[in-house]
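**Student:** How does the following fold in three dimensions:
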Amino acid sequence: MTIAMKVEAEDVAALPLETLNPARVDRFSNDTIWPVFERLRREDPVHFTPDSEYGPYWSITKWNDIMAVDTNHEAFSSAEGIGLANLANMAEQEKVMGQRRRGGAGFITMDEPEHSQARKAVSPTLAPSNLHAMSPQVRERAGQILDSLPIGKEFDWVDLVSKELTAMTLATLFDFPFEKRRKLPWWSDMIMNQPGHGPVESWQQKGEAMFECFGAFTELWNERVNGPPGNDLISMLAHNPATRNMPMETYQGNVVLLIVGGNDTTRNTISGSVYALNKNPDQYAKLRANPELVLPMISETIRWQTPLAHMSRVATRDVEIGGKMIKKGDRVVMWYISGNRDETMIDDPNAYIIDRERPRQHMSFGFGVHRCVGNRVAEMQLTIIWEEILKRFPEIKVVGEPVLNYSAFVHGYESLPVIIPTRN
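**Tutor:** Numbering: from 1, shown residues only. Below you'll find the model as predicted:
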């Protein structure tokens, strides 16, 4: 435990339980969140925060309770948003951008039956057969990325590898102009950050970036809806009867979902795996000795990292969870990042162990009707990049602490300094 973690644990233990606000963002950006969730799992696994920058909300922190919420889409609705929204930030954003420039609701914020109808429109692009056809191209591009890296010199792994591979794959899935691919992770960062964090300098700049993003994807829509059907995500939405006539705000919401969803899990797990293996050199040695551990290593990283810390719902009726009565209209936050460290479900959950008996036992992709539609795309990219890394580099050495996202939603990395040592 670091000094900061020790101090935070002491501070958290001294706080009255009712004052705990698990979504306080600074704890995520300085990696001192863990004592909060440990205490809640132990003392108050269904916890109410009456007053916060997000308004009042319930925190669900244990595996079985999270499952109970996530798999009950009738009692817990996604229609009012799937993340905790900072109320002051929303007001500022609304002033500058308005609803149209923010985009509407994508299918992740729809309830049944509309959700499944829209989800099915993009599913063929993300089906195993299509991913199998894509994988040689992803492998070729992964190799090109790795072969271009400097040897013996410090560089930012997030920028040169994690963002670049994600950008290449997203550009392929969208059939987006390949030479402009780095716009995709940049737009994702602009969407998910507030001024002063990531690349966002002001609300005005954020609004202009989103307007640019929506403009580019409106052009793609017009091309695809008037052209022959294709296998890319935009063509699938444009030609499917369930989505062809959706309002432009709904299309924009789907664009936001697909850009952010396609970016964050993969990108932050690529970075998280390098960081975790460096922090656990015995596990890195296991992987080098047995490259067949790549896939379980990826699953363990997705659990240990938890790229999206939470999802939230709103109760459609009074519901009892964990002995607490959640009232109709209450916001409920499922802390996947806590469920993935639940001591009652996972042995030694704080440890990073790449050859666990059940490596896929994690909740980072969610459950129920809203389970991540792109989970196989993420696993395909992660498997390929690590297979190619192991062919080339005996070691990737982390040479400094990462800069973490300033977010209680996206749990990931702004930068990660590394060196690939010169071979003797």
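
**Student:** can you pull out the strands in this structure?
**Tutor:** Ranges of strands in the chain, per DSSP state E, are 46-49, 57-60, 76-77, 155-156, 310-315, 319-321, 324-326, 331-335, 397-398, 403-404, 413-415, 417-419.

**Student:** Please tabulate those in JSON lines, including the columns mean neighbour count, mean pLDDT and distance to Val36.
**Tutor:** Every residue, glycine included, has its C-beta placed from N, CA and C. Listed next are the strands of the chain as JSON lines, based on neighbours: other C-beta atoms under 10 Å; pLDDT from 0 to 100; distance: least, C-beta to C-beta, whole Å:
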{"stretch": "strand 46-49", "mean neighbour count": "20", "mean pLDDT": "97", "distance to Val36": "10"}
{"stretch": "strand 57-60", "mean neighbour count": "25", "mean pLDDT": "98", "distance to Val36": "9"}
{"stretch": "strand 76-77", "mean neighbour count": "22", "mean pLDDT": "92", "distance to Val36": "23"}
{"stretch": "strand 155-156", "mean neighbour count": "18", "mean pLDDT": "98", "distance to Val36": "29"}
{"stretch": "strand 310-315", "mean neighbour count": "23", "mean pLDDT": "94", "distance to Val36": "13"}
{"stretch": "strand 319-321", "mean neighbour count": "16", "mean pLDDT": "96", "distance to Val36": "19"}
{"stretch": "strand 324-326", "mean neighbour count": "17", "mean pLDDT": "97", "distance to Val36": "18"}
{"stretch": "strand 331-335", "mean neighbour count": "25", "mean pLDDT": "97", "distance to Val36": "10"}
{"stretch": "strand 397-398", "mean neighbour count": "16", "mean pLDDT": "98", "distance to Val36": "26"}
{"stretch": "strand 403-404", "mean neighbour count": "16", "mean pLDDT": "96", "distance to Val36": "16"}
{"stretch": "strand 413-415", "mean neighbour count": "19", "mean pLDDT": "96", "distance to Val36": "21"}
{"stretch": "strand 417-419", "mean neighbour count": "19", "mean pLDDT": "98", "distance to Val36": "28"}
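
**Student:** What is the neighbour count of Asn240?
**Tutor:** Neighbour count of Asn240, defined by other C-beta atoms under 10 Å: 18.

**Student:** now do Leu131
**Tutor:** There are 18 residues near Leu131, going by other C-beta under 10 Å.

**Student:** Distance-wise, check the nearest residue to it once chain neighbours are set aside relative to Asn231.
**Tutor:** Excluding its sequence neighbours, the residue lying closest to Leu131 (C-beta to C-beta, 6 or more residues apart in numbering) is Met380, at 5.2 Å. As judged by C-beta to C-beta, to the nearest Å, Met380 and Asn231 stand 15 Å apart.

**Student:** Among these two, which residue is more densely surrounded?
**Tutor:** Remark: of Met380 and Asn231, Met380 carries more neighbours, 21 against 14, as counted by other C-beta under 10 Å.

**Student:** Next up, the contacts around the more buried one.
**Tutor:** By C-beta atoms under 8 Å, 6 or more residues apart in numbering, the residues touching Met380 are 131, 134-135, 138.

**Student:** again with Val398
**Tutor:** Val398 is in contact with 274-275, 278-279, 416-418, counting by C-beta under 8 Å, 6+ apart.

**Student:** buried ones in stretch 338-356?
**Tutor:** Using 16 or more other C-beta atoms under 10 Å as the test for burial, stretch 338-356 gives 338-342, 345-346, 349, 352-354, 356.
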